[in-house]
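1. Could you look at this predicted model? Sequence included:
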Amino acid sequence: MVKQDELNAKLKYYFPDFVVNKGLSNREDIIRVPKFVSEHLLTRISEESDPVVFGERLMKVIELVNTLYPEPKDKDRILDRIIIKKLPCKIIDEIKVEVDEKHEIRKAIIPTLNLTNVMISDKIVEENEQLLSTGIWGLASLKYSDPIKDDDGNPITLPVFIEEFQPFHITNIDLEEFIEKREHFTLDEWIDVLINTIGLNPEVYTQRQKLILISRFIPLVENNINLMEFGPRATGKTHFYRNISFYTRIISGGHVTPAQLFYNIARRTIGEIGMKDCIVFDEVSKVTFPRPEEMMGKLKDYMVDGHFERGPKKATSLCSLVFMGNIEVSGYVPIEDVNYVLPDCMRNDTAFIDRIHGIIPGWELPKIKKSEVHLSKNYGFSVDYFSEILHELRKLDFTPLIRSMIELDKVTIRDEIGIYRIASGLAKILFPNKELNKEELALIMNFAVELRQKVADLLYKMAPGEFEKKKIAWKYR
């Protein structure tokens, strides 16, 4: 049994600048902003100071968040302040910069205010190059400035200028230091650190349930892996992906187009798959495609080896895919009883199902009901830091290590690929230092095989003439 007080002290000792009290970041008065923002700010205040001083600092963080993070309805109020009254304004948002090729200028996007043609200082972009790729959360100082005009005198930007920008983003991540410090924690302690980092209380979950929760990290640390998760509402599926990695995009049901996902021919821009580490199809039963056969063809091609093409564009991506569905069951569930959650274009497509590397049994997780019971009050890694660690772990390949230690039996090539990618992802998050014994390897392999076995069982149920009934096995070399 891990003692949380001792674990908190150990985590603060080895990672003093990168941990946060999750009890604070789960407060109702601060959760309206993404955890990338709130936890970045919370790591800047110390609980070791005088309680009164700490309380004052905490209230300043809460006030900053609630005052400067705008809602869409605030757009005209903010523009009135800047353009009409000529007064400066500060906001917290995810700023993205695009290059206007025609006019050879940079334009900033402020999503919350639905502004796309905002001027921005060249110095800001040069100091924060990620603005040009994925965008960065931060504090932007806005002011009035005469708009840039074309040769005919027509404005091509808004009279709004981002003068200063303070990123809520850690850029100098030392992955080696993170890996080295892993050795100071037992496996049980490390698992609890990960559960606390998610924002959940490890004391209310079994070891099996903790492993299921941790399996959600796999597509964030492993390239080109395709997973499904089915489970009840309120088990934290969407909340996890929305709040643990800056490099994830959630598509919640609705109409999904090839332009959105792969490549926009009209705008000549890469879609979400080329921009993110992981795309999550939330409430997958409600996902629709404009031309299902064409879209499924492109999706299945991509799921094989990460290649895609649309129109004149041919490209590759390392982006992983997660398909999530809600079912109201608990305990053991035959896999064929959850297939109904998929939309028609996916449900009966064995080629698509075979490209899924594993199915996470989210139905075994309890619902998150009471915050005082299910949410963490302990320390975990701050999301802005851990998001970058997850992103950096994608650059490592643990598959050769796993292959050198075990061999599989009764598998197809796709079984093999799926199992090794799941095992590699689990090994990265649990043993980034690559130090694991046979018992710990068995924990990883048994779980990896189980997730792929669920796919094999489903394929046999769907097409028994094409797919054999089998029991996938593994053994030590």
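-> That came through, no problem.

2. number of nearby residues for residue 435?
-> Neighbour count for residue 435, taken as other C-beta atoms under 10 Å: 10. Quick note: C-beta positions are derived from backbone N, CA and C, even for glycine.

3. quick thing: my sequence starts at 338, can you match it?
-> In the new numbering, first residue 338, that becomes residue 772.

4. so it sits right up against residue 522, yeah?
-> No: look at residue 772 against residue 522 with C-beta atoms under 8 Å: they stay out of range, at 11.4 Å.

5. quick one, strands of the stretch 488-637 of the chain?
-> 497-504, 563-568, 585-592, 600-601, 606-607, 615-625 (DSSP state E, counting those that start in this stretch).

6. tell me the mean pLDDT over the first one?
-> Just to be clear, that refers to strand 497-504. What strand 497-504 shows for mean pLDDT is 95.

7. Show me what that strand packs onto, helices and strands only.
-> With contacts taken as 3 or more C-beta pairs under 8 Å, 6 or more residues apart in numbering; DSSP states H and E, strand 497-504 sits against strand 452-457, helix 459-464, strand 473-481.

8. Okay, angle between that strand and strand 473-481 too, please.
-> Here the directions of strand 497-504 and strand 473-481 differ by 150 degrees (axes from the mean of the first three to the mean of the last three C-alpha atoms, to 10 degrees).

9. Quickly note the distance from residue 789 to residue 516.
-> Separation of residue 789 from residue 516 (C-beta to C-beta, to the nearest Å): 27 Å.

10. How is the chain divided into domains?
-> 430-504, 543-702+733-813 (automatic domain parsing).

11. Take the ones you listed and write them to TSV, including distance to residue 345.
-> TSV is the format used below for those (distance: least, C-beta to C-beta, whole Å):
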stretch	distance to residue 345
domain 430-504	26
domain 543-702+733-813	18
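
12. Of all those, which one comes closest to residue 710?
-> domain 543-702+733-813 (13.1 Å; C-beta to C-beta).

13. Now do that closest one: distance from first to last residue.
-> The first residue of domain 543-702+733-813 is 27 Å away from its last residue (C-alpha to C-alpha, to the nearest Å).

14. ditto for stretch 379-396
-> Taking C-alpha to C-alpha, stretch 379-396 runs 11 Å from one end to the other.

15. avg pLDDT for that stretch?
-> Here stretch 379-396 scores 70 as its mean pLDDT.

16. Stretch 767-786 too?
-> Per-residue scores along stretch 767-786 average to 97.

17. Over to stretch 531-545?
-> On average, stretch 531-545 scores 97.

18. And that stretch, what's buried?
-> For stretch 531-545, burial by neighbour count (16 or more other C-beta atoms under 10 Å) applies to 531, 532, 533, 534, 535, 536, 537, 538, 539, 542.

19. What helix or strand is the nearest residue to residue 355 once chain neighbours are set aside located in?
-> Spatially, and ignoring its direct neighbours in sequence, residue 355 is nearest to residue 722 (4.1 Å; C-beta to C-beta, 6 or more residues apart in numbering). Using DSSP states H and E, residue 722 maps to helix 720-730.
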